[in-house]
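K.L.:
Structure, please.
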Amino acid sequence: MKFAVTIDPNINRWDLIRYAEELGYDRAWVPDSQMIWSDCYATLALAAVNTKRIEIGTGVAIPGTRIAPVTAHSIGTINQLAPGRTFLGIGTGHTAMRVMGQDPMPVKEFREYLRVLRSLLDGDAVDYSYRGRTQEIQFLHRDRYYLNLDNKIPIYVAANGPKALEATGAYGDGWVTIGGAPSEISDKLERIHGGAAAAGRTLDENFQTSVLTAGCVLRPGEKLTDDRVIDEVGSWVTCELHFFYEIWKKYGENDDMVPAHFASVWEEYVDRVSKFSLPEDARFRQIHDGHCTYMQPEERKFVTPEAIKATCLAGTPEEIIEEMKAREKSGLQELNILPDADQAHKVYRDFAELVMPAFR
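P.N.:
Here you go, the predicted structure:
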């Protein structure tokens with residue numbers, strides 16, 4: 001089992017990655033979301049020249065805001081600074097697109113994006129369509145090392161739906177998911193392997209699997225209702241609440257889309273959103289305020305024990321270790337932690353000291 005952190009990309013706090021390296025973490029993921037954080041590649045560049053061992057990459061890059069050649073070029077540049085320890089995580093764009101009131105990239109377009117990325121990062125020529133015109137493109141000036149394609153840059157795909165999972169198998173070197181019981185992980189890996197087979201690929205033991213979540217290591221006597229626990233996981237829980245609200249609205253306020261762990265607070269949360277100051281078509285700016293960074297104080301009451309249990313990894317060290325070993329047996333290879341930005345140092349340290357040793 002590998003251990004990773006996802007940071008909130010703050011150009012002034014790139015040293016969180018160096019801190020994670022010092023604690024023994026294997027990877028650091030840096031999200032790409034232009035409306036709420038610093039630029040991910042600038043943050044990665046600073047981390048690249050100030051770390052030695054930890055693997056670094058996007059967590060995840062967004063196809064809807066950067067064309068495929070630009071994404072390949074950007075991560076190739078980071079690979080020149082951190083050769084052999086750079087990866088590209090990529091997804092359809094939940095965060096970066098929804099904070100602009102837009103939908104993530106459709107899976108058909110995403111699959112095509114992955115096809116172009118795969119070829120470019122392998123150093124190959126590839127047909128690329130831009131504004132209705134298709135041309136064969138390939139990186140030039142390779143001998144001058146403006147970017148590094150000699151050291152392989154693995155592509156880790158964030159996916160959950162069946163078509164996206166199949167695309168992961170066709171073009172990815174790994175898979176990123178959120179949460180998921182062991183049985184769910186196994187089922188999705190089966191879909192990924194099916195996508196690989198359909199594309200003429202066979203995935204071996206080097207195919208990486210990672211779960212992104214928030215976590216809190218409970219101290220003796222602590223409960224999920226305690227302030228420290230809510231402080232550490234609240235931004236993640238409310239981020240999921242915001243996501244499901246968007247899905248609920250998209251499907252005509254269909255209550256079947258409301259997860260059971262949010263049922264007890266749903267009516268109150270919907271009422272809260274209805275009173276936002278912005279017009280309904282602009283409320284995404286208020287809904288996603290604090291997204292995966294901090295918890296809006298007014299939303300603390302929505303972080304219930306049921307929601308924490310369903311969306312986070314919170315428990316005693318023994319409980320967390322047991323849960324991770326069960327997921328490991330189902331095919332999971334990495335735990336990736338995204339805490340509240342103001343709690344990051346403490347959460348990283350707790351997992352490094354109290355959970356990580358059981359897997360070393």
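
K.L.:
What values do phi and psi take at Gly215?
P.N.:
phi -150, psi 160 (degrees, to the nearest 10).

K.L.:
does it have beta-bridge partners, and which?
P.N.:
Taking DSSP bridges as the rule, Gly215 bridges to Leu313.

K.L.:
I'd say it and Ala314 touch.
P.N.:
Yes. With contact defined as CB atoms under 8 Å, Gly215 reaches Ala314; the gap is 6.3 Å. For every residue, glycine as well, the C-beta is placed using N, CA and C.

K.L.:
Name the residues contacting each of the two.
P.N.:
Val233, Ile320 (CB atoms under 8 Å, 6 or more residues apart in numbering).

K.L.:
Let me know the pLDDT of the residue nearest to Pro305 when sequence neighbours are not counted.
P.N.:
For Pro305, ignoring the flanking residues on the chain, the nearest one in space by CB to CB, 6 or more residues apart in numbering is Leu224 at 4.0 Å. The model reports Leu224 with a pLDDT of 98.

K.L.:
what sits against Leu224?
P.N.:
Pro305, Ile308, Lys309, Ala314.

K.L.:
Is it possible to mark the buried ones in those?
P.N.:
With burial judged by 16 or more other CB atoms under 10 Å, the buried subset of these is Ile308, Ala314.

K.L.:
what secondary structure does Arg111 sit in?
P.N.:
Using DSSP: H, G, I helix; E, B strand; the rest coil, the structure places Arg111 in helix.

K.L.:
count of neighbours near the closest residue to it other than its chain neighbours?
P.N.:
Leaving aside its sequence neighbours, Arg111 sits nearest to Ala167 (CB to CB, 6+ apart; 4.2 Å). Using other CB atoms under 10 Å, the number of residues around Ala167 comes to 25.

K.L.:
Would you check that Ala167 makes contact with Lys108?
P.N.:
No. Here Ala167 lies out of contact with Lys108, judged by CB under 8 Å, at a distance of 9.2 Å.

K.L.:
ok, now how distant is the closest residue to Pro31 other than its chain neighbours from Asp32?
P.N.:
Leaving out its chain neighbours, the residue that sits closest to Pro31 by CB to CB, 6+ apart is Gly59, at 5.4 Å. Distance, Gly59 to Asp32, using CB to CB, to the nearest Å: 8 Å.

K.L.:
just Asp143 next, same as before
P.N.:
In terms of CB to CB, Asp143 sits 29 Å off from Asp32.

K.L.:
and Ser210, what element?
P.N.:
strand 208-217 (DSSP states H and E).

K.L.:
Quick one: mean pLDDT over the helix or strand following that strand.
P.N.:
Using DSSP H and E, the helix or strand that follows strand 208-217 in sequence is helix 227-250. Helix 227-250 shows a mean pLDDT of 97.

K.L.:
how about the CA coordinates for helix 227-250, as PDB?
P.N.:
The C-alpha coordinates for helix 227-250 follow below in PDB (Å, rounded to 0.1, in the frame of the first residue of the first chain):
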ATOM      1  CA  ASP A 227     -14.900  19.500  16.800                       C
ATOM      2  CA  ARG A 228     -11.500  18.300  15.800                       C
ATOM      3  CA  VAL A 229     -12.900  15.600  13.600                       C
ATOM      4  CA  ILE A 230     -15.300  17.900  11.800                       C
ATOM      5  CA  ASP A 231     -12.500  20.400  11.300                       C
ATOM      6  CA  GLU A 232     -10.400  17.900   9.500                       C
ATOM      7  CA  VAL A 233     -13.000  16.200   7.300                       C
ATOM      8  CA  GLY A 234     -15.700  19.000   7.000                       C
ATOM      9  CA  SER A 235     -14.500  20.500   3.700                       C
ATOM     10  CA  TRP A 236     -14.600  17.000   2.000                       C
ATOM     11  CA  VAL A 237     -18.000  16.100   3.400                       C
ATOM     12  CA  THR A 238     -19.500  19.400   2.300                       C
ATOM     13  CA  CYS A 239     -17.800  19.100  -1.100                       C
ATOM     14  CA  GLU A 240     -19.600  15.900  -1.700                       C
ATOM     15  CA  LEU A 241     -22.900  17.500  -0.500                       C
ATOM     16  CA  HIS A 242     -22.400  20.200  -3.100                       C
ATOM     17  CA  PHE A 243     -21.800  17.700  -5.800                       C
ATOM     18  CA  PHE A 244     -24.900  15.700  -5.000                       C
ATOM     19  CA  TYR A 245     -26.900  18.900  -4.900                       C
ATOM     20  CA  GLU A 246     -25.700  19.700  -8.500                       C
ATOM     21  CA  ILE A 247     -26.700  16.100  -9.600                       C
ATOM     22  CA  TRP A 248     -30.100  16.400  -7.900                       C
ATOM     23  CA  LYS A 249     -30.800  19.700  -9.800                       C
ATOM     24  CA  LYS A 250     -29.500  18.300 -13.100                       C
END
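
K.L.:
tilt between that helix and strand 208-217?
P.N.:
130 degrees (axes from the mean of the first three to the mean of the last three CA atoms, to 10 degrees).

K.L.:
Perfect, that will be all.
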